[in-house]
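make a model of this:
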Amino acid sequence: MAKGTKAKSLSELLRVPGEGIDLSSVDAAATPMAPGGKAETREDWAQQAPVVAELQERLFAHGRTGGRRSLLLVLQGLDSSGKGGTVKHVVGQVDPQGVSITAFKAPTPEERRRGFLWRIRRALPEPGMLGVFDRSHYEDVVTVRVRELAPRSVWSRRYGAIERFEETLASEGTAIVKCYLHISRAEFVERQLARLDDPTKHWKYNPGDLEVYGLWDGYLQAYSKVLGRTDADYAPWYVIPADRKWYRNWAVTKLLIEQLERMGLDWPKASFDVEGERTRVKALK
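Numbers count the residues shown, from 1 in each chain. Reported below is the predicted structural model:
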């Protein structure tokens with residue numbers, strides 16, 4: 001957003017600016033446009049739950065009655081940034097029958113033999129569905145770059161492929177919301193310690209995640225490049241300050257509400273004679 005312009009919505013405020021972004025300068029503990037502190041924001045978030053649930057149900061009803069629209073939520077971020085927590089607390093507010101969730105891990109040997117977008121296409125949401133990607137095709141231009149899993153000549157060509165893929169997806173009726181969950185180094189350490197201090201969370205701890213700490217600057221540089229390069233009106237990127245989980249949950253919920261409202265979906269009209277069917281049902285008594 002241009003300097004000096006006041007944001008009208010959270011999506012305008014959190015969207016990657018046109019001139020690009022330097023994630024190292026973004027405060028991961030900020031709470032832009034929050035209705036207050038933790039207590040006030042959590043209360044407001046609770047009030048938003050039925051709103052996002054109804055809008056998602058409209059989308060599901062739209063798909064069940066022949067509509068072609070769908071919504072894809074892409075969650076990216078470093079280890080411990082809260083992708084799983086966002087799925088649990090934000091996506092968990094809506095009817096699960098209208099949701100498809102895919103957590104992308106390292107590609108299998110079969111997936112490596114195919115184009116990097118092959119497994120992504122297979123997981124796209126059907127009409128009426130809210131699709132959620134916990135990690136996504138962006139690992140193929142971030143992790144691959146930072147960990148030097150492929151030469152620059154390979155991963156750099158993927159930018160164009162991603163842009164064409166997302167533009168086509170949007171033109172076919174899928175709205176795309178891409179969220180980068182931004183945490184600080186200090187918060188990363190605290191979350192790792194919290195997993196070690198609680199036996200019920202030991203299963204979530206992965207010693208290999210600590211490698212991220214040593215590659216932190218490289219990841220921020222790679223993500224800064226990706227966010228600036230692949231932000232588009234048909235597939236915008238939003239940077240979510242995620243040190244405060246309560247703000248993260250509130251912000252992603254609000255972004256979903258704003259996107260679903262922009263889709264402008266009404267409840268499908270009955271394809272039958274309502275009064276006639278009412279008479280038939282009453283006759284069953």
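
please count neighbours and contacts with C-alpha atoms only from this point.
Fine.

which residue ranges of the stretch 51-200 of the chain form helices?
All helices of the stretch 51-200 of the chain, identified by DSSP state H, counting those that start in this stretch, fall at 83-89, 109-112, 118-122, 143-146, 152-155, 158-171, 185-197.

point out the most buried one among those.
Greatest average neighbour count among the helices of the stretch 51-200 of the chain goes to helix 143-146 (a mean of 18), per mean count of other CA atoms under 10 Å.

starting at the chain centroid, how far to that helix?
Its chain's C-alpha centre lies 20 Å from the corresponding centre of helix 143-146 when counted by CA atoms, centre = their mean, to the nearest Å.

one more: stretch 72-84?
Mean C-alpha position of stretch 72-84 versus that of the full chain (CA atoms, centre = their mean) differs by 7 Å.

buried stuff in it?
Along stretch 72-84, the positions that meet the burial threshold by neighbour count (16 or more other CA atoms under 10 Å) are 72, 73, 74, 75, 76, 77, 78, 79, 80, 81, 82, 83.

for it, give the mean pLDDT please.
Summarised as a single mean, pLDDT over stretch 72-84 is 96.

again, but for stretch 257-274
96.

re the thing from before, ranking the helices of the stretch 51-200 of the chain by mean pLDDT, which is last?
When I compare the helices of the stretch 51-200 of the chain, helix 109-112 is least confident, with a mean of 90.

contacts for that one?
Around helix 109-112, the neighbours that count as contacts under CA atoms under 8 Å, 6 or more residues apart in numbering are 118, 119.

now it - C-alpha only, PDB.
As requested, the backbone C-alpha atoms of helix 109-112 are provided in PDB (Å, rounded to 0.1, in the frame of the first residue of the first chain):
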ATOM      1  CA  PRO A 109      10.500 -40.300  -5.000                       C
ATOM      2  CA  GLU A 110       7.400 -40.500  -7.300                       C
ATOM      3  CA  GLU A 111       6.700 -36.800  -6.800                       C
ATOM      4  CA  ARG A 112      10.300 -35.900  -7.600                       C
END
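
isn't residue 10 right next to residue 255, touching?
Yes: taking contact to mean CA atoms under 8 Å, the distance of 6.9 Å between residue 10 and residue 255 places them in contact.

neighbour count winner among those two?
Counting neighbours by other CA atoms under 10 Å for residue 10 and for residue 255 shows that residue 255 has the greater number, 22 against 17.

confirm that that one sits in a helix.
Yes: going by DSSP: H, G, I helix; E, B strand; the rest coil, the assignment for residue 255 places it inside a helix.

so it versus residue 153, what's the distance?
When distances are taken as CA to CA, to the nearest Å, residue 255 and residue 153 turn out to be 35 Å apart.

residues near residue 227, how many?
Burial of residue 227 is recorded as 25 neighbouring residues (other CA under 10 Å).

for residue 138, list the residues it contacts.
If you count contacts by CA under 8 Å, 6+ apart, residue 138 has them with 76, 226.

can you pull the pLDDT of it?
According to the model, residue 138 scores 98 on pLDDT.

and the gap between it and residue 163?
11 Å.

do residue 111 as well
The value you get for residue 111 to residue 163, if CA to CA is used, is 21 Å.

what average pLDDT does stretch 28-48 get?
In the prediction, stretch 28-48 has an average pLDDT of 98.

show me how far it is from its chain's centre.
Counting by CA atoms, centre = their mean, stretch 28-48 comes out at 19 Å from the chain centroid.

neighbours of residue 106, how many?
Counted with other CA under 10 Å, residues neighbouring residue 106 total 9.

to residue 245, which of the helices of the stretch 51-200 of the chain lies closest?
Of all the helices of the stretch 51-200 of the chain, the one in closest proximity to residue 245, counting by CA to CA, is helix 83-89 (8.4 Å).

what's that closest one in contact with?
75, 76, 77, 132, 134, 181, 248, 249, 252.
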